[in-house]
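Chemist: can't give you the sequence, but here's the structure:
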């Protein structure tokens, strides 16, 4: 009797878990990574941009790559920053680089101050949370 209950419980667990595993495997075929950059440091920025490029090189252009920028890191997305050309090149190669509008407002930055190649999100942290909930890998260089 105990053995039958145990076998039934194991079988029920397998039936519940396996469909979830199949769904996870099917949805993970596309590579998606979101990078957080919140440091106002050109060296950190170059590392993030190198990482994004390495992902594209290793996985191809079908990999979805996004760099979400907020806090002090927002300064590196201005049109005159030391990494402005690299940011524009990354966007041209398919990397989605987005600035947090909350940070821009707090630092009194407008879209006219920013690199024209980038995009915008209302809240950087919320963007990262949403990406993770959608199955994106998270990296903070």
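Modeler: Ah, there it is. Worth saying up front: this structure is predicted, and the values here are computed from it rather than measured. Numbering: from 1, shown residues only.

Chemist: in three-state terms, label the residue most central in space within the chain for me.
Modeler: Nearest residue to the geometric centre of the chain (C-alpha atoms, centre = their mean): residue 34, 1.1 Å. The three-state label given to residue 34 by DSSP: H, G, I helix; E, B strand; the rest coil is strand.

Chemist: list the residues that contact residue 102.
Modeler: Contact analysis of residue 102 by C-beta atoms under 8 Å, 6 or more residues apart in numbering lists 70, 122-124. C-beta here means a position set from N, CA and C on the backbone, and glycine is covered the same way.

Chemist: mind redoing it with 10 Å?
Modeler: The contact partners of residue 102, taken as C-beta atoms under 10 Å, 6 or more residues apart in numbering, are 70-71, 74, 121-126.

Chemist: show the buried residues in those.
Modeler: 70-71, 74, 121, 124-125 (16 or more other C-beta atoms under 10 Å).

Chemist: I'd assumed residue 97 was in a strand, is it?
Modeler: Yes: checked against three-state DSSP, residue 97 lies within a strand.

Chemist: so what's it up against?
Modeler: With C-beta under 10 Å, 6+ apart, residue 97 has these contacts: 35, 37, 48-49, 52, 65-69, 76-77, 87-88, 90-91, 115, 117-119.

Chemist: repeat that with 6 Å
Modeler: Residue 97 makes contacts with 67, 87, 91, 118, as judged by C-beta atoms under 6 Å, 6 or more residues apart in numbering.

Chemist: poorly predicted segments of the protein, please.
Modeler: Residue ranges of the chain with pLDDT under 70: 1-29.

Chemist: residues of stretch 127-141 that come out buried?
Modeler: 127-128, 131, 136, 139, 141.

Chemist: which residues sit against the helix or strand containing residue 86?
Modeler: Using DSSP states H and E, residue 86 sits in helix 84-92. Residues outside helix 84-92 that contact it (C-beta under 6 Å, 6+ apart) are 49, 52, 97, 115, 117.

Chemist: how about it: buried residues?
Modeler: In helix 84-92, the ones that count as buried by 16+ other C-beta under 10 Å are 84, 86-88, 90-91.
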